[in-house]
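Asks: sequence-free structure coming up:
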């Protein structure tokens, strides 16, 4: 008997210290990234009444520690399939410990993978990793997009992620906070560069360009603890979208995420 939903999603953790997202359909339960300890991810799943034993797979976006820290542990303990593109596997393999060969799967960039009752489209982004890619999840006429860890958003990406029902989008830093903050100059340059992270302003302008009639939820992700504040990120997104008469609070809502606690499980 149908449970009458397309996706249920929780952003388990989002920020510079660790990232993981949970998404389920009636047939499959997966993580996108596991950038915290296995123990922490288990406790975050418990916040939304889920268990790692229920998971089918982990999709990996790229090999940075805040996205893969718990991948090996969870894969070994719960016999989970792990999907990443070939270059990411080459970079990630030495960092996550031994994973059985039958659990390793290649998910090529720019391809669509049918996984149970959903289709998952991968797309490349601009970040200083081997071959970073993010994902759009489709089921029936609904979709969910996750997009963080990119220095800019190309026309190709914008076309790929247009008019989804819900988004997790990067609001990494406030440009002035970053410029005035404690980071060394070379790190500031990296973050501000084309292979760095989207600022609050950048993320808001991307969303202004791509949201459509289907869009109901925008989650602000990967906020820097040192160079941003939730209130600032939220205000920047809200003001930018209001300036363009895009129906903030009427057609769709903006939500915050947290590095240490899961968002409520929402339905798409």
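Replies: Sure thing, it's come through. What you are looking at is a predicted structure, and each value in this text was computed from that prediction instead of being measured.
Asks: next one: the most centrally placed residue in the chain, what pLDDT does it get?
Replies: Ranked by distance to the mean C-alpha position of the chain (Cα atoms, centre = their mean), the top residue is residue 146 at 4.0 Å. On pLDDT, residue 146 comes in at 98.
Asks: in the chain, where's the longest helix?
Replies: Taking DSSP state H as the criterion, the chain has its longest helix at helix 230-243.
Asks: what about it, distance to the chain center?
Replies: 19 Å (Cα atoms, centre = their mean, to the nearest Å).
Asks: for it, the averaged confidence score.
Replies: In the prediction, helix 230-243 has an average pLDDT of 98.
Asks: buried sites along the very next helix or strand once past that helix?
Replies: Using DSSP states H and E, the helix or strand that follows helix 230-243 in sequence is strand 253-256. For strand 253-256, the neighbour count (16 or more other Cβ atoms under 10 Å) marks 254-256 as buried. Bear in mind the C-beta positions are built from the backbone N, C-alpha and C, glycine included.
Asks: between the residues you listed, which is nearest residue 40?
Replies: Residue 40 lies nearest to residue 256 out of those, by Cβ to Cβ, at 19.3 Å.
Asks: other SSEs contacting the longest helix of the chain?
Replies: Contact here means 3 or more Cβ pairs under 8 Å, 6 or more residues apart in numbering; DSSP states H and E; on that basis helix 230-243 packs against helix 200-210, strand 217-221, strand 253-256.
Asks: rebuild those as a markdown table, extending it with distance to residue 59 and mean pLDDT.
Replies: Shown next, in a markdown table, are these (distance: least, Cβ to Cβ, whole Å; pLDDT from 0 to 100):
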| stretch | distance to residue 59 | mean pLDDT |
| --- | --- | --- |
| helix 200-210 | 21 | 98 |
| strand 217-221 | 16 | 98 |
| strand 253-256 | 22 | 98 |
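Asks: nearest to residue 169, of those?
Replies: The nearest among those, by Cβ to Cβ, is helix 200-210 at 5.1 Å.
Asks: that closest one to strand 217-221, inter-axis angle?
Replies: 150 degrees (axes from the mean of the first three to the mean of the last three Cα atoms, to 10 degrees).
Asks: buried set for helix 200-210?
Replies: 200, 202-207, 210.
Asks: okay, angle between that helix and helix 230-243 too, please.
Replies: Using the same axes, to 10 degrees: helix 200-210 against helix 230-243 is 40 degrees.
Asks: contacts for helix 200-210?
Replies: 147, 152-153, 158, 161-163, 167, 169-175, 198, 218, 220, 228, 232-233, 236-237, 239-241, 244, 246 (Cβ atoms under 8 Å, 6 or more residues apart in numbering).
Asks: mind checking which of those are buried?
Replies: Of the contacts of helix 200-210, these count as buried by 16+ other Cβ under 10 Å: 147, 152-153, 161-162, 167, 169-175, 198, 218, 220, 228, 232-233, 236-237, 240-241, 246.
Asks: mind listing the helices for the stretch 1-150 of the chain?
Replies: 38-47, 65-68, 71-78, 86-96 (DSSP state H, counting those that start in this stretch).
Asks: pull the residues that contact the shortest one.
Replies: In this case it means helix 65-68. 15-19, 33-35, 60-61, 92, 95-96, 149.
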